[in-house]
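> Take this sequence and fold it.
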Amino acid sequence: MNLNLPKTRQWLLIIPPFLATSVLTTSVPSNAATLAFSQVDVQFTNFSQSTATIELVNQADISGETNGGLFGGQNNATNNFTASPPEVNSSAFSLAFGESRDYIGSAQTQAGILANFDVGAGELFSFDFSTTVNLQTAVDNPGIEKANARGDISFFLFDTTNISPVEIQDFFAHVISNISSENIKFKYNPLDTFRLGGSLNTIGFQDFINYQSSQSIVFKNENKETDFGGNQENASILIRGSLQRNFANTSNVTLIAIRRSKSQVKVPESSFRIAFIFLLLIIAVIGFPRRKTRVINSES
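Below is the predicted model of the structure:
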């Protein structure tokens, strides 16, 4: 926006310093742009058991509001599996971008994976996995615009030997219904866990990407790259590994995995309008004609 300099100088004589700052910093370029990208991939292969019962649930959503600005979002998710031999591949990305000002929008995907296995007495249960999280964010005006990209993968192995198939399905349905929660409360205690997640906030101070796992999980390949700070940020991590666990007795085990990606961009409504209203009020108060008061002295 082009400001009329002479008039602006006159206004600054009246507007308090904090209000002047608000007017100047929130009425700069209207063609600014934001972008957030989140990609999450997970693959399970080489299961020790030859058959499995596998179920996948995939969800995606795009939402946004604009008031003079432009927002666009895109989700792309693929889920493939085979029951014999068991193999699962789940991948998704979320993209959100905006232009101008006064808009907010997000694109997100989430998937739940269930794989149920019968394990014989004295047998080893094992599988290989590959996980990837790739995050990118960019803004033009860091003082005004915000971009956030998040992605995470987690999987849990449960001993479901004494749990009926109906209860297992109900448990999985509970996980799916709460899949967007930061921390899902499980009805059963997992034997093994793996968590991988990251978040970028441009511009912010809460950027991270990390992972944790239980002792039965062994990492074969780890590759992590980050570039935090500035108007453009990115973070990526690749972890390949395996899980191995022995069962002395005939058992039934259930693997549940969660994959989530979310990208969000935001430019709040310009406070120029609010500042302008305050400005008019100030001018009105200063420029309002003073009422003349006549004092009459009376003598007793």
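> Low-confidence ranges, the stretch 151-300 of the chain, go.
The stretch 151-300 of the chain contains residues with pLDDT under 70 at 269-300.
> The stretch 201-300 of the chain: strands as residue ranges?
208-213, 217-227, 232-246, 251-267 (DSSP state E, counting those that start in this stretch).
> Return the list of strands paired to the second one, each annotated with direction.
It stands for strand 217-227. Applying DSSP bridges, strand 217-227 is found paired with strand 232-246 (antiparallel).
> Buried residues, the strand it pairs with. List them.
For strand 232-246, a neighbour-count test (16 or more other Cβ atoms under 10 Å) marks 233-239, 241, 243, 245 as buried. Yep, even glycine has a C-beta here, placed from its N, CA and C like the rest.
> swap in stretch 74-81?
Here stretch 74-81 shows 75, 77, 79, 81 as buried, counting by 16+ other Cβ under 10 Å.
> Stretch 201-218 now?
201-204, 207, 209, 211, 213, 216-217.
> May I have the distance across it, first residue to last?
Using Cα to Cα, to the nearest Å, one end of stretch 201-218 lies 31 Å from the other.
> how close does Glu145 sit to Ile104?
Plainly put, Glu145 is 11 Å away from Ile104 if you go by Cβ to Cβ, to the nearest Å.
> Neighbour count for the two, which is higher?
Higher neighbour count among Glu145 and Ile104: Glu145, with 23 against 20, using other Cβ atoms under 10 Å.
> Need the pLDDT of the residue lying closest to that one once chain neighbours are set aside.
Excluding the flanking residues, the one nearest Glu145 by Cβ to Cβ, 6 or more residues apart in numbering is Val139, at 4.1 Å. Val139 is assigned 94 on the pLDDT scale.
> Near Val139, how many residues? Count them for me, please.
25.
> Right, I'll leave it there.
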